[in-house]
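J.: 3D model of this:
(one chain, ligands or ions: 1)
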Amino acid sequence: MQKGLLFVVSGPSGCGKGTILNEVKKEIPFYYSVSATTRGMREGEVDGVNYHFLTKEEFEKMISEDGMLEYAKFCENYYGTPRKAVEDMRNLGTDALLEIEVLGASQVREKCPDAISIFIMPPSIKELERRLRKRATEEESVIQKRLAQAEHEIPCAINYDYIVINGELEKAIEDVKSIIRTEHLKAVDKQKIVSEVLEK
Ligand code: 5GP
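T.: Numbering: from 1, shown residues only. Now for the predicted structure:
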């Protein structure tokens, strides 16, 4: 069986990653990795669904047991990808998708050179700020921190395989779907296809 592909998606908070990926998933199934984090739960979030919400001690224990495929500190909290679920799903032939920040993404690129990385870009910093304020789930100081973080993250986009600009949501969704379809076409076992066609 062919191993599932590994997609890594990054982009500043508020760029619309979650919305885009939830729409893509309706049509193209993949395992949406559930990250672990030490940040507090936001309203509406569910433990084990949006994140595994851990204490700092629990998170550090997982790091020490090599249980994280990657991890990073972001806005003073730990975020990381539990390794086992991703590896198990890929071994079953299911694609895995990680929605992670830029430092974690560079760790994944190093450890898994076959990973396909996509950066979701806001059309401008001004628009990003407008979207963060509209979300209104956080205080002003947190919004300011996330904007500063965005200015640090955006230049990292050049290291990704693809940049998708989320100016118009429908177009961004189509762009991500096209990338996934293209990568599947690229990943076919060419030798197997040639042999099968010649045998028929
Ligand atoms: P938020 O607090 O808004 O849910 O996420 C903050 C940032 O952490 C986002 O950029 C998100 O992509 C990133 N993030 C979420 N899960 C992980 C993870 O498992 N590893 C890393 N490195 N970043 C993550």
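J.: now do the helix or strand where Ala172 lies: which elements does it pack against?
T.: Counting by DSSP states H and E, the element that carries Ala172 is helix 169-186. Packed against helix 169-186, as judged by 3 or more Cβ pairs under 8 Å, 6 or more residues apart in numbering; DSSP states H and E, are the following elements: strand 6-10, helix 17-27, strand 116-121, strand 162-165. Bear in mind the C-beta positions are built from the backbone N, C-alpha and C, glycine included.
J.: domain-wise, how is this structure divided?
T.: 1-30+95-200, 34-94 (automatic domain parsing).
J.: in TSV, list those domains along with distance to the ligand, mean pLDDT and mean neighbour count.
T.: Formatted as TSV, these follow (distance: least, Cβ to the nearest ligand atom, whole Å; pLDDT from 0 to 100; neighbours: other Cβ atoms under 10 Å):
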stretch	distance to the ligand	mean pLDDT	mean neighbour count
domain 1-30+95-200	2	94	16
domain 34-94	3	96	15
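J.: Serialize the helices and strands packed on helix 169-186 to JSON lines and add fields for distance to Lys186.
T.: Formatted as JSON lines, the helices and strands packed on helix 169-186 follow (distance: least, Cβ to Cβ, whole Å):
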{"stretch": "strand 6-10", "distance to Lys186": "13"}
{"stretch": "helix 17-27", "distance to Lys186": "18"}
{"stretch": "strand 116-121", "distance to Lys186": "9"}
{"stretch": "strand 162-165", "distance to Lys186": "13"}
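J.: right, I'll leave it there.
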